[in-house]
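*Asks:* The sequence and its predicted three-dimensional model are supplied below.
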Amino acid sequence: MANPYLPLWEYIPDGEPRVFGDRVYVYGSHDRAGSDSFCDYVLKCWSASVDNLNDWVCHGDIFHVRADRDHPSDTPWTDDSCYLYAPDVVEKDGKYYLYAYIINSKGCVAVSDKPEGPFKLVSQYEYTIPDEICCNGWFIDPGVLVDDDGRTYIYCGFERSFMAEVNSDNMYEIIDGSCIEHFIPIELREEGGFTEKESLFFEAASMRKVGDTYYMIYSPKQGSRLAYATSDKPTGPFTYRGYIVDNGVDYPGGNDHGSIACIKGQWYIFYHRMTNGTIMSRRACVERIEILPDGTIPTVEMTSLGFEESLSPYRITPAEIACVLKDGNAMVTEKNVFERVVANITDGCVIGYKYFDFGEDFSSKTMEFSASVNGLGCDCRMHILIDSEDGEEIGVCTIGRDSGVVNTNVKNVTGRHAVYFKISTDYQGWTGEFFKGRNLFELKSFVFMK
């Protein structure tokens, strides 16, 4: 399954991956297409067999902070201003506990006999931590760890981090005196003759234990990244080790939130990407990673691969799985549940996909390329390149004023390559100055044919 790895109409950001038994579950926020705000008042759960990561099953709504046509609210103290953000789920003694971050209200813990829920309220958090630390009981972006010794810890924060131990007998009571502030440290910053304290932590705390090492995955001040720090204890101190992925590299970036999971011996980083020219309407993505013997995780690039090792150029590729959108205002946008396109394509835009395996066919010098487009009354050209935006040009496709399918012959290539489209308005001997800055067309899908 390519990125995004869930059905393309689904918007699940802040994904916390958990392997329970023979299935991997993703718990996240629930965004809406074209929304001008984050998240929704429901949480959903998706899962897949560890043996088939291309077949994801939706388990429906698992928790609510507002009544809808099918469910009552699970939280009687919330109102229409409350939304559910960034949850986490852990297993303890055969029960599954959901930790809910409720914007504008106190957070809570819910429980289920099944990892897919639905979850029933246990309690609001009970704590003696000062409200200025835990944001009046919101417990922002809770990341939870049940350690090997049965002790439970919660990690939270926005623009400042804190952690505490949870009473493992009830899973909602914060143990007095266990709070530790700034597990991701603050630093002193000199500016204008003044010294200020600045946290290196932004949000999105997620804890994982790998062997004897504790990995804190989080969003640092460079908010489009997922960074990590390690410790030999669940309470720290944590040492910054680097960042794993950046959703803003050659793509319209924004806040990121996710974590790592090992599925049948392969490690992955789960994260999200933005659509619709906003930092909302986020969709779940995943990349393969490697944890080296020294505990470091080399930074990985964003790709269109998802759980695949390579994509087939001979299958129709939805334009919306682009992992590169740069040098313009191009964006993925949803028109309806059946149609999402790359829109706002202007002169100079670059649209990229990583990676396709073209195979080893040496019998032909050329192959065909077709793209489905929505015309916007302009003439332009789409240059088809491999390996990079400045790589070898294997063909040029003329885009006309009308909607439909455009075709061209391109050089036959073999092996594994990234594919880039670079847009220009230099068409048939004229410079196209009139169309510079104008939306030229919308890209729906494309395919190569041998």
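*Replies:* Done, it's in.
*Asks:* Provide a complete list of residue ranges assigned to strands in the stretch 201-350 of the chain.
*Replies:* 201-210, 213-220, 225-231, 239-246, 259-263, 266-273, 283-289, 317-318, 324-326, 331-336, 339-345, 350-357 (DSSP state E, counting those that start in this stretch).
*Asks:* Going along the chain, name the helices of the protein.
*Replies:* 131-134 (DSSP state H).
*Asks:* Determine the longest strand present in it.
*Replies:* Criterion DSSP state E: the longest strand present in the chain is strand 52-64.
*Asks:* strand partners of that one, parallel vs antiparallel please.
*Replies:* strand 42-49 (antiparallel) (DSSP bridges).
*Asks:* ok, now which ones touch Asn167?
*Replies:* Shown in contact with Asn167 (CB atoms under 8 Å, 6 or more residues apart in numbering): 152, 173-175. Where you see a C-beta, it was placed from the backbone N, CA and C, and this is true even at glycine.
*Asks:* export these to TSV and tack on distance to Trp46, pLDDT and neighbour count?
*Replies:* Output for the contacts of Asn167, formatted as TSV (distance: CB to CB, whole Å; pLDDT from 0 to 100; neighbours: other CB atoms under 10 Å):
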residue	distance to Trp46	pLDDT	neighbour count
Thr152	25	98	21
Glu173	30	98	17
Ile174	30	98	19
Ile175	33	98	16
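*Asks:* follow-up on the earlier one: figure out which of the strands of the stretch 201-350 of the chain is closest to Leu440.
*Replies:* strand 339-345 (5.3 Å; CB to CB).
*Asks:* tell me the pLDDT at the nearest residue to Cys58 once chain neighbours are set aside?
*Replies:* Closest residue in space to Cys58, ignoring its immediate chain neighbours: Trp46 at 5.5 Å, by CB to CB, 6 or more residues apart in numbering. Note on Trp46: pLDDT of 98.
*Asks:* From the chain's centroid, how far away is stretch 175-190?
*Replies:* Centroid separation for stretch 175-190 versus its chain: 27 Å, with CA atoms, centre = their mean, to the nearest Å.
*Asks:* oh sorry, the question was meant for stretch 244-263
*Replies:* The answer for stretch 244-263 is 6 Å, by CA atoms, centre = their mean.
*Asks:* got the buried residues for it?
*Replies:* By neighbour count with 16 or more other CB atoms under 10 Å, stretch 244-263 contains the buried residues 244-248, 250-263.
*Asks:* wait, what's in contact with the residue nearest to Cys58?
*Replies:* Going by CB under 8 Å, 6+ apart, the list of residues near Trp46 reads 6, 10, 12, 25-26, 56-59.
*Asks:* Starting from Arg66, give me the distance back to it.
*Replies:* The gap separating Trp46 from Arg66 is 21 Å, by CB to CB, to the nearest Å.
*Asks:* that older thread, Throw the contacts of Trp46 into TSV and include pLDDT, thanks.
*Replies:* Formatted as TSV, the contacts of Trp46 follow (pLDDT from 0 to 100):
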residue	pLDDT
Leu6	97
Glu10	96
Ile12	96
Tyr25	98
Val26	98
Trp56	97
Val57	97
Cys58	97
His59	97
